[in-house]
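> Pasted the sequence and its predicted model underneath.
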Amino acid sequence: MEIVVPIVTPFTSDGKIDETKVRTHVENLLKKGVDIIFVNGTTGLGPALSAEEKRKMFDATIEVTDKVIFQVGSLNLSETMELVSYANKKDLIAVASYPPYYFSIPKEFIVKYFKDICSKSSNAVYLYNYPSATGKDVDADMVKEIGCISGVKDTNPDFAHTLRYKELGIKTYNGSDSLAMTSMASGLDGTVSGAGNYAPEILNQIRESLRNGDVGSAIKNQFVLIDLVNLTKRVGQFSAIYELVEEFQGYSVGYPRDPIYPLSKDSSEKLREEARKIWKK
Ligand SMILES: O=C(O)C(=O)C[C@H](O)[C@H](O)CO
């Protein structure tokens with residue numbers, strides 16, 4: 001029952017990565033029971049990061065822990081390969097990648113993309129499958145065909161789709177906050193939760209409740225998490241997470257970066273007030 005958090009990327013007001021804030025955030029999450037840090041994911045605005053910025057996020061995180069999954073994917077394979085090579089010299093759990101997104105490409109290209117990454121990587125290679133965002137579903141059958149994927153984060157409301165990867169004997173996580181409890185309770189290796197940036201305590205409480213057989217409490221906390229996530233979606237999920245980390249964890253993780261605009265002062269205050277009503281810490 002691992003808790004994996006795809007961390008935010010803390011930017012300064014002029015759009016640079018604040019490595020000190022990365023380290024502070026990672027240290028706190030590990031203290032709060034998070035097992036693995038996923039960098040350059042969706043919550044981390046991965047597709048909006050340059051290769052150098054992805055590397056910076058990885059370097060700052062690995063200074064604190066080697067329990068890192070390093071998302072290296074991009075639409076420029078040579079950049080991706082540079083990051084894979086860079087990671088070869090480091091100790092980490094895995095490199096990961098979403099499939100090439102935006103462009104309509106044949107399945108063979110996706111298979112070759114991952115085979116190319118595997119051929120370059122001396123680390124484990126994980127798939128980040130997020131069909132609604134990438135337009136591609138690299139399902140269990142495709143993973144079998146690729147033949148070298150040893151883990152998957154499947155951001156998918158269809159839990160049965162996620163479960164199929166377990167038949168391949170690979171590390172399997174679901175990336176939907178609303179399926180955090182289900183992911184921890186039903187044979188997956190754990191949950192990947194963006195809400196874990198601001199509410200790692202809730203994920204931990206769900207896990208402890210499940211371990212104690214107290215499904216009622218686990219469900220109650222899952223609903224708190226769902227309500228918080230739905231609140232963030234009303235104002236801009238990825239910008240709102242920066243506000244709620246400060247509100248609930250007590251330190252700043254800087255700002256998102258345009259066009260993921262920071263919330264206005266008024267919107268932030270309303271969000272925080274609503275969030276406090278949902279999660280009475
Ligand atoms: O942010 C990520 O990389 C995640 O895996 C979490 C979710 O998949 C993502 O935020 C979409 O809700």
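Okay, I see it. Numbers count the residues shown, from 1 in each chain.

> For residue 134, give its distance to residue 189.
22 Å (Cβ to Cβ, to the nearest Å). Bear in mind the C-beta positions are built from the backbone N, C-alpha and C, glycine included.

> cool, and residue 119?
For residue 119, the distance to residue 189 - Cβ to Cβ - is 25 Å.

> got it, and residue 208?
Separation of residue 208 from residue 189 (Cβ to Cβ): 18 Å.

> Compare neighbour counts for those two and give me the winner.
Ranked by neighbour count (other Cβ atoms under 10 Å), residue 208 and residue 189 place residue 189 first, with 20 against 15.

> where along the stretch 151-281 of the chain do the strands fall?
For the stretch 151-281 of the chain, applying DSSP state E, counting those that start in this stretch gives strands covering 151-154, 171-174, 190-192.

> Including mean pLDDT, mean neighbour count and distance to residue 138, could these go into TSV?
Formatted as TSV, these follow (pLDDT from 0 to 100; neighbours: other Cβ atoms under 10 Å; distance: least, Cβ to Cβ, whole Å):
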stretch	mean pLDDT	mean neighbour count	distance to residue 138
strand 151-154	98	27	8
strand 171-174	98	26	13
strand 190-192	98	26	16
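
> out of those strands, which comes closest to the ligand?
Proximity to the ligand (Cβ to the nearest ligand atom) singles out strand 190-192 among those, at 4.5 Å.

> Just give the strands next to that closest one in its sheet, each with its orientation.
With DSSP bridges as the test, strand 190-192 is paired with strand 2-6 (parallel), strand 171-174 (parallel).

> With distance to the ligand as added columns, please give those in a markdown table.
Formatted as a markdown table, these follow (distance: least, Cβ to the nearest ligand atom, whole Å):
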| stretch | distance to the ligand |
| --- | --- |
| strand 2-6 | 3 |
| strand 171-174 | 8 |
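
> okay if I get these as JSON lines plus distance to residue 220?
Conversion of the strands paired with strand 190-192 to JSON lines gives the following (distance: least, Cβ to Cβ, whole Å):
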{"stretch": "strand 2-6", "distance to residue 220": "18"}
{"stretch": "strand 171-174", "distance to residue 220": "20"}
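
> Can you name the residues that contact whatever residue of the chain ends up closest to the ligand?
Nearest residue of the chain to the ligand, counting by Cβ to the nearest ligand atom: residue 41, 2.3 Å away. Contacts for residue 41 (Cβ atoms under 8 Å, 6 or more residues apart in numbering) come out as 6, 7, 71, 128, 153, 175, 192, 194.

> what's the neighbour count on the first one?
Looking back up the chat, that one is residue 6. Residue 6 has 25 neighbouring residues, counting by other Cβ under 10 Å.

> what do you get for the second one?
Residues within reach of residue 7, counting by other Cβ under 10 Å, total 27.

> The fourth one too?
For residue 128, the count of nearby residues is 29 (other Cβ under 10 Å).

> Likewise for the third one?
Residue crowding around residue 71 was assessed by other Cβ under 10 Å; the count is 28.

> Get me the contact residues on the stretch 1-150 of the chain for the ligand.
6, 38, 41, 42, 43, 130 (Cβ under 6 Å from any ligand atom).

> Among those, which ones are in strands?
Secondary structure assignment by DSSP state E places 6, 38 of those in strands.

> Out of the residues of the stretch 1-150 of the chain next to the ligand, the closest to residue 230 would be?
residue 43 (15.9 Å; Cβ to Cβ).

> The strands of the stretch 151-281 of the chain: which one's closest to residue 24?
strand 190-192 (21.2 Å).

> And the closest one, how far out from the chain middle?
Relative to its chain's centre, strand 190-192 lies at 9 Å (Cα atoms, centre = their mean, to the nearest Å).

> hmm, that strand touching the ligand?
Yes: contact of strand 190-192 with the ligand (Cβ under 6 Å from any ligand atom) involves residue 192.
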